[in-house]
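Asker: fold the stuff below for me.
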Amino acid sequence: MIDARGLRTALAKAANGLATATEPERYTTRDNLVAWARAHVRDRRLVVVSNREPYSHVRGDGEIKWVRNAGGLTVALDAVARALDGLWIAHGSGDADVEASDARGRVRCPPDQPEYTLRRVWLTASDHEHYYSGLSNGALWPLCHIAYVRPRFRIRDWQSYRAVNRRFAKAVLEELGDAPGLVFLQDYHLALAARFLREARPDLQILHFWHIPWPNPEVFRILPWKEELLDGMLASDLVGFHIRAHAENFIESVATTLEVRAERDHQALARGGRRTWVRHFPISVAADEIGALAGQPATTAAERALRERLGLGDCRVGLGVDRLDYTKGIPERLEGIERLFERHPEWIGRFAFVQIGVPSRVELSEYRAVLRRVKECVARINRRFPRAGGQTVQFIETGLDFRELIPYYRLADVCAVTSLHDGMNLVAKEYVAARPDGEGALVLSPFTGAARELERAHIASPYDREAMAEAFHAALTETDESRRARMAALREAVRRRNIYDWAIEVLDTFERLSLRTPTEDARLP
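Answerer: Residues are numbered from 1 along each chain as shown. Have a look, this model is predicted:
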């Protein structure tokens, strides 16, 4: 079987009727993914399982509305589910989700152009407190991110996490019945689900993609339930990460915790007559679709209206789009902007920054502390460096529909992604994709997975205020020719390896490594 890149090239040429090898290769498209799926997955149903749902139904103005949830994971995988007419199982979190779903929690999505089925799992307030806020985000999230927040380990949280994982697995089994399925588990909320699925249906094909960093073994070993969590993940046939370092950390964590044979040369873990393969696949976005949205006349009009509403005048504009999370480096970013004005006072009154902060996990004290610190930074900068037309830093504390973000991306001369530690961070790629005009600049933390692909961005550590200030200054003063060349390189990187490339590579790798995870004495490829 040809490798994933060769497969994508062949599919692209077939789909687009390219006759000669001298013609340029087109970017992988949704049609290419559909062609791949029809050739390889037509006898199985693809089931995506995640905590967060791609679409929510909410009440507003006396009626039920739907929103497309912002966030890299949901936006990216929505494109895959739509392309494959899949099934998505997720927590129903919208206040009108129950009314919008059938008796079993099902609804067709996207609501305005149905292409796949969303099955909602209902969680109680206790589930949210212990499974989500407690174990997932009070223990695993800080354990996996180097942001110097101490994890909290409580047995009640672990018990709830285990019970909710079993409930997600039960929903998968109910929807599939006896039919063959390829189950694609997402992220740290569902580390145990594969084990429950495997016990009920040994024939299922299971992938687990871990979207956040994986810590080194010395950090991971403090988790009280490390053996059971790893045992759950090893029930998958393939475990994926965004970057190689995280995949290697996972292999070492398993090797030092469980009785397994770590086959490092082949990136495999063998135990009990089965193998779990470990690979890294950098996720991306539906770049051309985002670019098409950004180029619509309605988006241009929305951008103009936004500039007027925010009182930005002829200012150069910076943008941050983040959940209000301590790993995102928002206060560090704002302190870098403050230092920019101190070192380069010529930007006072000529540069404004818009920070969109999506409220997140407000039940946790660490997240409330981030919000307080952000507000303090915003108030201090606006007091020290006033701007005649409006606030120098505008803090918009809200969640936005993904489509509402596009005019903000178009508005921004500079987009800042300054995470302290991240698996990927797709905001960086979304911003690049949303600038088909070739304008804009990206200031990027080296501690994001995206920095390994977007090397032409202005790279600066959020821990270094001086470097952050100079990165903003460099982005704002670069010559037109240099800026456009830099953005062209970034756009090529994002378009050349888009969400459809990612999906084909993950699924094709899974096929090549063997659908049944070979036994220990089987010959390795």
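
Asker: now do the contacts for Phe196.
Answerer: Going by CB atoms under 8 Å, 6 or more residues apart in numbering, Phe196 touches Asn165, Arg166, Ala169, Lys170. Using the backbone N, CA and C atoms, a C-beta is placed for each residue, glycine as well.

Asker: and it, that one's in a helix?
Answerer: Yes. Secondary structure of Phe196 (DSSP: H, G, I helix; E, B strand; the rest coil): part of a helix.

Asker: going forward, count from 128.
Answerer: I'll keep to 128 as the first residue from here, and by that count the last item is Phe323.

Asker: quick one on the thing from earlier: for the contacts of Phe323, which one is nearest Ala616?
Answerer: Asn292 (42.0 Å; CB to CB).

Asker: any idea how far His218 is from that closest one?
Answerer: 12 Å (CB to CB, to the nearest Å).

Asker: the more surrounded of those two?
Answerer: Using other CB atoms under 10 Å as the criterion, Asn292 and His218 rank with Asn292 on top: 24 against 21.

Asker: list the contacts for Phe468?
Answerer: By CB under 8 Å, 6+ apart, Phe468 lies in contact with Trp474, Ile475, Ile508, Arg511, Phe512, Thr519.

Asker: scan the residues you listed and report the most crowded one.
Answerer: Result: Thr519 is most packed of these (other CB under 10 Å), 23 neighbours.

Asker: could you check how far that residue is from Arg477?
Answerer: 10 Å.

Asker: could you list the low-pLDDT ranges of the stretch 178-327 of the chain?
Answerer: Regions of the stretch 178-327 of the chain meeting the criterion pLDDT under 70 cover residues 197-200, 202-203.

Asker: what segments of it are strands?
Answerer: 182-187, 190-195, 214-218, 233-236, 243-248, 308-313 (DSSP state E, counting those that start in this stretch).

Asker: and for the stretch 328-477 of the chain?
Answerer: 332-336, 365-368, 388-390, 395-398, 401-407, 443-450.

Asker: how about those in JSON lines, adding distance to Glu435?
Answerer: Below are the strands of the stretch 328-477 of the chain laid out as JSON lines (distance: least, CB to CB, whole Å):
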{"stretch": "strand 332-336", "distance to Glu435": "42"}
{"stretch": "strand 365-368", "distance to Glu435": "44"}
{"stretch": "strand 388-390", "distance to Glu435": "59"}
{"stretch": "strand 395-398", "distance to Glu435": "57"}
{"stretch": "strand 401-407", "distance to Glu435": "44"}
{"stretch": "strand 443-450", "distance to Glu435": "13"}
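
Asker: would TSV of those strands with mean neighbour count be doable?
Answerer: Below are the strands of the stretch 328-477 of the chain laid out as TSV (neighbours: other CB atoms under 10 Å):
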stretch	mean neighbour count
strand 332-336	24
strand 365-368	25
strand 388-390	15
strand 395-398	21
strand 401-407	22
strand 443-450	22
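
Asker: can you tell me how far the residue located most distally from the centre of the chain is from Arg470?
Answerer: In terms of distance from the mean C-alpha position of the chain, Ala515 ranks first, at 37.5 Å (CA atoms, centre = their mean). Relative to Arg470, Ala515 is positioned 22 Å away (criterion: CB to CB).

Asker: same check, this time on Val185
Answerer: For Val185 relative to Arg470 (CB to CB), the value is 44 Å.

Asker: deepest of the strands of the stretch 178-327 of the chain, which one?
Answerer: strand 308-313 (a mean of 26; mean count of other CB atoms under 10 Å).

Asker: burial count for Glu379?
Answerer: Residues near Glu379, counting by other CB under 10 Å, number 17.

Asker: give the contact list for it.
Answerer: Glu379 neighbours (CB under 8 Å, 6+ apart): Asn343, Pro344, Ala389.

Asker: give me that answer again for 10 Å
Answerer: The contact partners of Glu379, taken as CB atoms under 10 Å, 6 or more residues apart in numbering, are Trp341, Asn343, Pro344, Glu345, Phe347, Ala389, Arg391.
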